[in-house]
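Q: what's the 3D shape of this:
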Amino acid sequence: MKKVSKNTFKGGKHIHDFKELTGSKPVNFGFVPKTVTIPLSQHSGAEATCLVKKNDLVKVGQKIGQASAFISANVHSSVSGKVKSIDDIMTATGVKCKGITIENDGLDEIGYEQKNLTIDQVSATDIIEAIKEAGIVGLGGAGFPTHVKLTAREGQITDYIIINCAECEPYLTSDQLMMELYPEKVVMGLLLAMKAMNAPKGVLGIEDNKPLAIKKLQQASKDYPNIVVSVVKTKYPQGDQKRLIQATTGIVVPSGSSTSAVGVRVINANTAIAINDAVLHGKPLYEKLVTMTGHALKDPQNVMVRVGSKVSDIVEFIGGYKEEPGKIISGGPMMGETQFTPDVTTGKAIGGLLFMTQEESKPKAVSPCIRCGKCVDICPVYLQPLYLQLYVLKNKVEQAQNLHLMDCIECGSCSYICPSARPLVEAIRLGKLEVRSKKKDSK
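A: A predicted model of the protein is given here:
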């Protein structure tokens, strides 16, 4: 019998998520870009080293960027065609790096070895190597190289692998639709990760607002007694890995500790699918389902996008704007990053693009703190955001550190709930940046 729980964590809030804009629409697989500009930095860590030059011919899935450090990731071509240029670009996450522009010849010639393996035919080492070669990174937004996450330190024991199926960020539904389409791949990706880490237990942690995905994951995992489908309450930020660990296993990750320190690894649902495709079929990570959403679009929907596609090209493909957007956000409204141009290119880890109307984008008037305590009540990390902001703005960052400034997960719940529209999370980010800068300078 599969466990069905309704556990959660302290704090947080269920907010209007607007997932109805795209969640019930079919996935659009028809988008084919004429050109792509593929960033060599789409991940945490060092930029990949370019392996091609101008006028080279490349194929789909061909490696064009080599991981340059332990924490780095390979980069692959998402189309077949000719390399037109290699330039300095700015990514959607604000990172400056080299970008490889390729003109699509429309032939989709495959440039990787296609396989058809089973889990019994691969060892733990095979799994890690295949993940590394495929350039798989965390697809929940952080982009941390997955082969690094699944490499245990000597003597380190992993009890649980958790697949993060929560997708708690408002507006975004790409994870939900991929789970509905490919539940068997999600489960197999979990099994492969468990084998790689020698982990005895697997968990699929999913919010209760995804009934079809829940049903399909339960069906796909029914023959594996060591895998549990844990249905948790729909509440933001349930998808934060430490909150999900607490809700699904009861394990509380101590302040300052990593999830690996308590024997848990957390992987996004789309990452699990990518693991399945890479290890068993040899497919590199060169495309991603992206939620194109928001009230400024004529027809919000989920589109399968080749890495390096220009945002403006995707918008044109789905019918354009209903009105000129007041703000474009890569990701969701709570943790996403505002874009300065629709001509930015997509990377591996992008989950969605939010196009807000002019009215929705108007800034709220900031007023003094009224000490209502709502930011304290909503904080999932038991922090006091009003005091953290106060100390940071008064250049008293050490006092903010004493109140566990660095534990903030920057979920934005405090700023969302504040009746005075105080920029709480923005100030906290500045404080954390100052702490990291001082630490770097002291080395």
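
Q: C-alpha only now, for contacts and for neighbours.
A: OK.

Q: C-terminal to the helix or strand harbouring Gly65, what's the next element?
A: According to DSSP states H and E, Gly65 maps onto strand 63-66. The helix or strand immediately downstream of strand 63-66 is strand 75-76, counting by DSSP H and E.

Q: Could you list every helix and strand in contact with that next one?
A: strand 63-66 (3 or more CA pairs under 8 Å, 6 or more residues apart in numbering; DSSP states H and E).

Q: and the strand it packs on, average pLDDT?
A: In this model, strand 63-66 has a mean pLDDT of 98.

Q: Direction included, what does it pair up with?
A: Strand pairing for strand 63-66, determined by DSSP bridges: strand 49-50 (antiparallel), strand 75-76 (antiparallel).

Q: Only alpha carbons, please: show it as CSV.
A: Listed next in CSV are the C-alpha coordinates belonging to strand 63-66 (Å, rounded to 0.1, in the frame of the first residue of the first chain):
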residue,chain,number,x,y,z
LYS,A,63,29.1,18.0,-27.2
ILE,A,64,30.2,21.6,-27.9
GLY,A,65,31.3,22.5,-24.4
GLN,A,66,33.5,20.5,-22.0
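
Q: and Tyr224, backbone torsions?
A: For Tyr224, the backbone dihedrals (degrees, to the nearest 10) come out as phi -120, psi 100.

Q: likewise Ile86?
A: phi -130, psi 110.

Q: where does the residue nearest to it when sequence neighbours are not counted land in three-state SS?
A: Counting by CA to CA, 6 or more residues apart in numbering, Ile100 is the residue found nearest to Ile86 once chain neighbours are left out, at 4.6 Å. Look at Ile100: counting by DSSP: H, G, I helix; E, B strand; the rest coil, its state is strand.

Q: and the gap between Ile100 and Gly351?
A: Ile100 is 22 Å from Gly351, where distance means CA to CA, to the nearest Å.

Q: Check Ile275 too.
A: Counting by CA to CA, the gap from Ile275 to Gly351 is 17 Å.

Q: Strands of the stretch 151-300 of the chain, start to end?
A: 160-164, 201-207, 227-232, 264-268, 287-293 (DSSP state E, counting those that start in this stretch).

Q: JSON lines for those strands, including mean neighbour count, distance to Ile110 and mean pLDDT?
A: Output for the strands of the stretch 151-300 of the chain, formatted as JSON lines (neighbours: other CA atoms under 10 Å; distance: least, CA to CA, whole Å; pLDDT from 0 to 100):
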{"stretch": "strand 160-164", "mean neighbour count": "27", "distance to Ile110": "30", "mean pLDDT": "98"}
{"stretch": "strand 201-207", "mean neighbour count": "25", "distance to Ile110": "33", "mean pLDDT": "98"}
{"stretch": "strand 227-232", "mean neighbour count": "24", "distance to Ile110": "35", "mean pLDDT": "97"}
{"stretch": "strand 264-268", "mean neighbour count": "24", "distance to Ile110": "26", "mean pLDDT": "97"}
{"stretch": "strand 287-293", "mean neighbour count": "26", "distance to Ile110": "14", "mean pLDDT": "98"}
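
Q: Let me have these in TSV, adding distance to Glu324 as columns.
A: Formatted as TSV, these follow (distance: least, CA to CA, whole Å):
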stretch	distance to Glu324
strand 160-164	34
strand 201-207	33
strand 227-232	38
strand 264-268	33
strand 287-293	14
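
Q: And those strands: which comes nearest Ser68?
A: When these are compared by CA to CA, strand 287-293 sits nearest Ser68, at 21.8 Å.

Q: Which secondary structure elements does that closest one sit against?
A: Using 3+ CA pairs under 8 Å, 6+ apart, strand 287-293 sits against helix 174-181, strand 301-306, strand 352-356.

Q: C-alpha coordinates for the first one, CSV please?
A: What follows is helix 174-181, C-alpha atoms only, in CSV (Å, rounded to 0.1, in the frame of the first residue of the first chain):
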residue,chain,number,x,y,z
SER,A,174,6.0,22.2,-16.8
ASP,A,175,6.9,19.6,-14.1
GLN,A,176,3.3,18.6,-13.7
LEU,A,177,2.8,18.0,-17.4
MET,A,178,6.0,16.0,-17.7
MET,A,179,5.0,13.8,-14.7
GLU,A,180,1.6,13.2,-16.4
LEU,A,181,3.3,12.3,-19.7
